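Student: Next one to model:
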Amino acid sequence: MSTEFDYFGDPKVGKLLDLVLQLSTELHVTRQRLRVVEALLVRGNLLAAGAVDGFVAEQAEQLVLDRERDELLARLMRILTEHGPAAHPLRDQWEAALSGKTG
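Tutor: Coordinates of the predicted model:
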């Protein structure tokens with residue numbers, strides 16, 4: 001993190017704020033889109049009102065939900081653990097992903 005954007009005197013606090021803002025943005029967009037999809041399905045009589053709240057996943061569906069949760073958490077943790085200048089954070093991780101390496 002460059003000192004140009006270091007508003008808190010500690011880069012870790014800045015990363016935490018980045019994480020919170022990212023989560024807030026993701027949550028807002030997801031909630032809005034989910035509400036629109038539910039409303040459209042209810043309007044089209046394809047889904048009963050409240051059906052989403054009562055959903056119980058089958059085993060295969062739960063595996064997908066769990067995997068997607070874990071992938072999201074991994075992406076969020078990268079914000080806290082990335083290194084390098086603010087101009088190109090995650091460059092090392094990006095280059096490793098492109099070359100097929102992990103880490």
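Student: Name the residue most distant from the centre of the protein?
Tutor: Taking CA atoms, centre = their mean, the residue of the chain most remote from its mean C-alpha position is residue 45, at 31.0 Å.
Student: Quick one: mean pLDDT over the lengthiest helix in the chain.
Tutor: Counting residues, the longest helix in the chain under DSSP state H turns out to be helix 11-43. The average pLDDT for helix 11-43 rounds to 91.
Student: Can you give the distance from that helix to the centre of its chain?
Tutor: What separates the centre of helix 11-43 from the centre of its chain is 8 Å, taken as CA atoms, centre = their mean, to the nearest Å.
Student: could you point out which element follows it?
Tutor: helix 59-81 (DSSP states H and E).
Student: just checking, what packs against that next one?
Tutor: The elements that helix 59-81 packs onto, with contact taken as 3 or more CB pairs under 8 Å, 6 or more residues apart in numbering; DSSP states H and E, are helix 11-43. The way it works is simple: take the backbone N, C-alpha and C, and place the C-beta from them, glycine included.
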